[in-house]
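J.: Please find the sequence and the predicted model below.
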Amino acid sequence: MLKLIDKIRKPLILFPLTLCLTLFLSLPWLSAQQPPKPKPQLWQIDGIVAALDDSYPQVKGYAFNKLVEYEAQDLKAVLKKPEDIAQKAVNILSDEKLDPYIRIRAALALGNLGEAGAKYVPDILNFLKDEKVNPDIRSFAAFALANLGEERDKLVLAISH
């Protein structure tokens, strides 16, 4: 009888010990924070803007991908003409011949341009209503619309009245 009790006690002690060790080792992952986005330098932005004028669509996609990496406030301080970039993003977003990856990156960059991107809220809304568009691209366009924040809300209110 005593041997049976000893066999039962060992697993009962190991289970709580294993549970405590698992929780203890996973706590650093739970408190991890995302590193801050880098601040753009003027020479980097000039290179990105030049890449947006490139004839290869993949280069434009990479340029839009780089624009997404920066905070909207930092871009606002460095960009000279964000309206031009927003116009290029809308043109690429609506071009059905281009690769979906490039169009998705253009949508995300448009959502990161703040007030310059908010001017194109009606175009984004029309784009979202079009059921022929790839659902993945439409979802990223909706995400871009959500990122426009206060500017979007002001424009939607102005359109609805």
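T.: Okay, I see it.

J.: what residue is smack in the middle of the chain?
T.: The chain has residue 108 as the residue nearest its centroid, 5.8 Å off, counting by Cα atoms, centre = their mean.

J.: in stretch 75-88, what counts as buried?
T.: Applying a neighbour-count criterion of 16 or more other Cβ atoms under 10 Å, one finds 75, 78, 79, 82, 85, 86, 87, 88 buried in stretch 75-88. C-beta here means a position set from N, CA and C on the backbone, and glycine is covered the same way.

J.: measure it end to end?
T.: End-to-end distance for stretch 75-88, by Cα to Cα, to the nearest Å: 16 Å.

J.: thought residue 147 was touching residue 107?
T.: No. With contacts counted by Cβ atoms under 8 Å, residue 147 stays clear of residue 107, the gap being 9.7 Å.

J.: These two: which has the busier surroundings?
T.: Ranked by neighbour count (other Cβ atoms under 10 Å), residue 147 and residue 107 place residue 107 first, with 29 against 19.

J.: Give me the residue ranges of this protein where confidence is low.
T.: Scanning the chain for pLDDT under 70 picks out 1-12, 28-32, 149-161.

J.: circling back: can you tell me which residues contact the residue nearest to the centre of the chain?
T.: 64, 65, 68, 140, 143, 144, 147 (Cβ atoms under 8 Å, 6 or more residues apart in numbering).

J.: okay, now residue 141: neighbour count?
T.: Count around residue 141 with other Cβ under 10 Å applied: 26.

J.: same deal with residue 55?
T.: By other Cβ under 10 Å, 6 other residues sit near residue 55.

J.: try residue 90
T.: 19.

J.: got it, and residue 145?
T.: 22.

J.: next one: residue 48
T.: 23.

J.: quick one: it and residue 143, what's the gap?
T.: 21 Å (Cβ to Cβ, to the nearest Å).

J.: What of residue 56?
T.: Distance, residue 56 to residue 143, by Cβ to Cβ: 25 Å.
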